[in-house]
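In: Requesting a structural model of the entry that follows:
(2 chains)
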Amino acid sequence: MTLHISETHLRAIEAYAEAHYPEEGAGLILGDEAGERREAREILPLPNRREAGERGHRYEIDPLETLAAENQADAHGLKVIGVFHSHPDHPAAPSQTDLHFAVPWYSYLITSVRRGRARETRAWRLGPSEASMQEEPLEVRTVSEWLPGDSDTSVASGAQQEEG
Amino acid sequence: MSRVRVPTPLRAYVAGQSEVEVSSASVAEALQELVSRYPALRPHLFGEADELRSYINLFVNDQDVRSLRGVQTPLTDGDRLMILPSIAGGAMSRGLRGVDHNALRTNQASIITLLLAAFVLDAPLLAAGVGAVMLLGTLAGKIGFLPVYWTVRRLRLGGPDILPDNPEPHRFSQGLGAVVLLGGAAAFAVGAPALSWGLAWLVIALASLNLFGGFCAGCAVYYWFNRLGLPGFSQASPPGAFPGRRPQPPVE
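Out: A predicted model of the protein is given here:
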């Protein structure tokens, strides 16, 4: 399985990660899946609802936000296909905590942010035994490859919902 | 009839459906009805003791069942039960911070090189100088040979290697090395050069063990002091690792 994402969406994820540095920023990815191809269509940046002292190395999304995302996916004929979050000053690889909370099937995009700059984003998925996470190939589609009229770029304004 | 909304990760276990109709009168019954019709779904909703798995959230018509009557919440005609997975995670274990191990390695390599040069050139002042730099670094809360690491970074000879770790034991370890070297300088001053060089070689050996073997003896001492409850040694060894061993990158 390969996760395809447009450069615009990837930039939006990385900008969100940078904006939340040194805290973790997270959100959901809506998209669809056909055969071995999984396509990110919409990015939903969401508030990290962990307490202030923990947000530097933890994230959690309010189930009500997940509910709204599921409803939005239904309305747009899409699915929630994954989660993105940032690792401030840590590698773009899953931690034990990420593994512990990983939900099967979802794609997990992790962006490493070092000194406030997004350095790398990689995709991961819970392995079949659920004992580890495995890297998922990530294909970034550049703007120039888009056909005119391709309207699959949508970045919700969830970033503005973030409290203080 | 009520409907159960199945999140995408679990649809594979209910024949790809996003919603399943149920005739149950409560949330608990609806879940049982669901897993009796789709047995492959059971391990994803329930644990071994038949308890609801901790990462499952349940909503009835957009209300969390925890704010209603839990799984005993009744379902009536037209109700919609949503199953939602918890979305959470984070960079690393609680309390651990990012420690740049390439900065530590640069420090160790600088210490080893300069102490060897001091021994070869019979320059005890150089060995004392290394101890002084380490002491100043420790007091400033940094590696002593930080300018060397800046140069390494500027010349792009190596990038950071940030691992989940506690910085305090490394600081303590450097301070311990500094005290040993300055003790060696004192030994030289009172006419005991053999003891002085012996102490320098001890620092060379332990820095090499750290650089090449990935074992920080000073950190191990720190963690032992922590275990004994000595004041000032507040950090415990990261779980799952032998105290003093270099932590593994958080990747499977």
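
In: Tell me the secondary structure at the residue nearest the centre of chain A.
Out: By Cα atoms, centre = their mean, the mean C-alpha position of chain A lies nearest to residue A:84, the distance being 1.9 Å. Here residue A:84 is recorded as strand under DSSP: H, G, I helix; E, B strand; the rest coil.

In: what about the closest residue in space to it that isn't next to it in sequence, neighbour count?
Out: Residue nearest to residue A:84 in three dimensions, not counting chain neighbours: residue A:109, with 3.9 Å by Cβ to Cβ, 6 or more residues apart in numbering or on different chains. In this view, the C-beta of every residue, glycine as well, is placed from N, C-alpha and C. When neighbours are counted by other Cβ atoms under 10 Å in any protein chain shown, residue A:109 registers 29.

In: Distance of the residue nearest to the centre of chain A relative to chain B?
Out: According to Cβ to the nearest Cβ, to the nearest Å, residue A:84 stands 10 Å off from chain B.

In: ok, that residue - contacts?
Out: A:13, A:26, A:27, A:28, A:29, A:43, A:108, A:109, A:110, A:111, A:121 (Cβ atoms under 8 Å, 6 or more residues apart in numbering or on different chains).

In: State the distance from the third one to chain B.
Out: Read it as residue A:27. In terms of Cβ to the nearest Cβ, residue A:27 sits 9 Å off from chain B.

In: Now do the contacts for that residue.
Out: Contacts for residue A:27 (Cβ under 8 Å, 6+ apart) come out as A:13, A:16, A:43, A:44, A:45, A:46, A:61, A:83, A:84, A:85, A:158.

In: how does it look with 7 Å?
Out: A:16, A:43, A:44, A:45, A:46, A:84, A:158 (Cβ atoms under 7 Å, 6 or more residues apart in numbering or on different chains).

In: For chain A, just list every one of the strands.
Out: Taking DSSP state E as the criterion, chain A carries its strands at A:2-6, A:26-34, A:37-46, A:59-61, A:79-88, A:107-114, A:117-126, A:133-136, A:138-141, A:154-155.

In: So which of those strands is nearest residue B:164?
Out: strand A:79-88 (10.5 Å; Cβ to Cβ).

In: List phi and psi for the most centrally placed residue in chain B.
Out: Centrality entry for chain B: nearest residue to the mean C-alpha point is residue B:164, 3.2 Å, by Cα atoms, centre = their mean. Main-chain torsions, residue B:164, degrees, to the nearest 10: phi -70, psi 120.

In: Which elements pack onto the helix ranked longest in chain B?
Out: Counting residues, the longest helix found in chain B (DSSP state H) is helix B:167-189. If you count contacts as 3 or more Cβ pairs under 7 Å, 6 or more residues apart in numbering or on different chains; DSSP states H and E, helix B:167-189 packs onto strand B:97-100, helix B:124-140, helix B:193-213, helix B:217-227.

In: Listing request: residues of chain A with sub-threshold pLDDT.
Out: Counting by pLDDT under 70, chain A shows low-confidence ranges at A:53, A:143-164.

In: Please list the residues of chain A that sit near chain B.
Out: A:24, A:57-61, A:63, A:66-67, A:70, A:79-81, A:83, A:85, A:87-91, A:93-99, A:101, A:103-106, A:132-133 (Cβ under 7 Å from any Cβ of the partner chain).

In: cutoff 6 Å now
Out: Contact residues, chain A versus chain B (Cβ under 6 Å from any Cβ of the partner chain): A:57-61, A:63, A:66-67, A:79-80, A:83, A:87, A:89-90, A:93, A:95, A:97-98, A:101, A:103-106, A:132-133.

In: out of the residues you listed, which are buried?
Out: Neighbour counting with 16 or more other Cβ atoms under 10 Å in any protein chain shown marks A:57-61, A:63, A:66-67, A:79-80, A:83, A:87, A:89-90, A:93, A:95, A:97-98, A:101, A:103, A:105-106, A:133 as buried within the residues of chain A next to chain B.

In: quick check: mean pLDDT across stretch B:133-151?
Out: Across stretch B:133-151, pLDDT averages out at 94.

In: Sketch out the strands for the stretch 1-150 of chain B, chain order is fine.
Out: For the stretch 1-150 of chain B, the strands defined by DSSP state E, counting those that start in this stretch occupy B:2-5, B:19-22, B:56-60, B:63-64, B:80-85, B:87-89, B:97-100.

In: Please identify the deepest-packed of those.
Out: Mean neighbours per residue, mean count of other Cβ atoms under 10 Å in any protein chain shown, is largest over the strands of the stretch 1-150 of chain B for strand B:87-89, with a mean of 25.

In: and that one, how far from the chain's centre?
Out: 17 Å (Cα atoms, centre = their mean, to the nearest Å).

In: picking that back up, and the two most separated of the contacts of residue A:27?
Out: A:84 and A:158 (11.7 Å).
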